[in-house]
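Student: sequence unavailable; structure follows:
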């Protein structure tokens, strides 16, 4: 019985599928959605923008809101509630640092912009890294 | 024969200039356009003029390095056209795969490959250039760091960048002579900031011209049948301008859009620093990538701000690789529900988290891009000129 599930999400279609899968297959579990903001990018715009904010927590929450909004919609449709966590910086590191606290991680096969070489080069293949290094079982949803 | 070759060279040069125009206009004018201070067309027009000015003056020093400094003989027209194709290839790869390829560094790499193949490489010059390439990102990062840590927070407290609705200036036609007056909502502060933003954008355009015009122009000027310097500079400028008026509309949104995640004031500091570094290096004839100077300054500012409340020594020596062992690290879960710290008080949790935005490994990956680009172009050009010796 899986009681605590971490679902790392971004704006991608696959991330939505991952959440849908987690909610539908584990009706009793506590589902936590993690969104990482300020991910490294070509000009480091978002990361530096966030670092210059006076209140990082507030700014990060604001950046993550669209993803959580979508996650809440998906959960509402199924009459479920989700917990929300915002992380900053490197996605895979954020996921792995929190993995210990959960029974499993459910994530999408590809994140947003996964076709873009710059992003893949800078942050790597997140799903692959998490699958390889996570201390708990990982479910990859297509 | 020479005419055909020259024609091919000009077409290649226009392709290179066109793409440079797209990317550097995005960097120089993305932030002001994003902030609604300048229109895209105005930006492109200012870009073209100041690129020309930069290429015509300071850019000549870089042109000399490219055409007769890196190799001990003059770059021939044939070899120059081949070099242009390698620069174009780098740009093509950048466009297709979306990876940034620093044009100035690709150019030097291609010419160095030619030098290696023909045994005419001027090792002293190339060593000087490469040393500057190593030092420049470090300088950019530290200047950015100082700005982010000490200068930006102070200036940000005092200066408010304003943009009111309505035109900035209107013409007052009541008198006998029409005279400009403030628009409906314009204040002196807004007029002042607009002027500052324009001046800094033009400065960045100038530095883009100084560093980038030579990439498109230098390969055409060499040897028998080559173009005069002035003509090559004008062709390169027109191509850059064309890129500025066309594809830059998109790059001002992509590159510039990302830059506009940064507050305009910080972006202005970045532009000022990166332009100064680029202009000074171009002045002493060192080809340098404007993008490299820009990115390192941006990262420096962010890092400087993110590490502000810890001491300088801690910021440099602490091991950022493993967040668990950072003293006092607080995970996001523990921070939930924490009361907002009063203004002016240290906010240690927030700052420790902000440090996570600058993963040293991500920064290393950045730096590797600037090593891979010129290395690949050197190797490719070397192979080409070895296999087809007649070209050089």
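Tutor: Arrived safely. What you are looking at is a predicted structure, and each value in this text was computed from that prediction instead of being measured.
Student: what about the helices in chain A?
Tutor: Taking DSSP state H, the helices of chain A run over residues A:13-25, A:45-51, A:56-77, A:91-99, A:117-123, A:126-133.
Student: tell me the pLDDT of residue 49.
Tutor: Let's take chain A. Note for residue A:49: predicted pLDDT of 90.
Student: look at chain B instead
Tutor: Looking at residue B:49, its pLDDT is 97.
Student: report back the residue of chain A that's furthest from centre.
Tutor: Most distant from the centre of chain A: residue A:54, at 24.3 Å, with distances by CA atoms, centre = their mean.
Student: how near is it to residue B:234?
Tutor: Distance, residue A:54 to residue B:234, using CB to CB, to the nearest Å: 48 Å. All C-beta spots, glycine's among them, are computed from the backbone N, C-alpha and C.
Student: what does residue B:277 give?
Tutor: Taking CB to CB, one finds residue B:277 at 26 Å from residue B:234.
Student: those two: which is more packed in?
Tutor: residue B:277 (25 against 17; other CB atoms under 10 Å in any protein chain shown).
Student: tell me where the model's unsure across the stretch 51-200 of chain B.
Tutor: Within the stretch 51-200 of chain B, the ranges that satisfy pLDDT under 70 run B:98-100, B:162-181, B:184-185.
Student: in it, what residue is nearest chain A?
Tutor: residue B:97 (4.2 Å; CB to the nearest CB).
Student: what's the burial count for that residue?
Tutor: Around residue B:97 there are 15 residues (other CB under 10 Å).
Student: measure how buried residue B:122 is and give me the count.
Tutor: By the criterion of other CB under 10 Å, residue B:122 has 18 neighbours.
Student: surely it and residue B:72 touch.
Tutor: Yes: taking contacts as CB atoms under 8 Å, residue B:122 lies within contact range of residue B:72: 5.2 Å.
Student: for these two, list the residues in contact with both.
Tutor: Contact criterion CB atoms under 8 Å, 6 or more residues apart in numbering or on different chains; residues shared by residue B:122 and residue B:72: residue B:115.
Student: which stretches of chain A have low pLDDT?
Tutor: Checking chain A against pLDDT under 70 turns up A:1, A:113-118.
Student: near chain B, which residues of it are found?
Tutor: Within chain A, the residues that sit near chain B (CB under 8 Å from any CB of the partner chain) are A:38, A:40-52, A:54-57, A:60, A:85-90, A:93-94, A:97-98, A:101, A:116-118, A:121-123.
Student: just the buried subset of these, please.
Tutor: A:38, A:40-52, A:56-57, A:60, A:85-90, A:93-94, A:97-98, A:118, A:121-123 (16 or more other CB atoms under 10 Å in any protein chain shown).
Student: just give the number of residues close to the nearest residue to residue B:296 once chain neighbours are set aside.
Tutor: Once flanking residues are discounted, residue B:296 sits nearest to residue B:140: 3.5 Å by CB to CB, 6 or more residues apart in numbering or on different chains. Using other CB under 10 Å, residue B:140 has 25 other residues around it.
Student: around residue A:66, count how many other residues there are.
Tutor: Applying other CB under 10 Å, we find 11 residues neighbouring residue A:66.
Student: and what of residue B:3?
Tutor: For residue B:3, using other CB under 10 Å, the count is 8.
Student: so residue B:152 is in which element?
Tutor: Secondary structure assignment for residue B:152, by DSSP states H and E: helix B:152-158.
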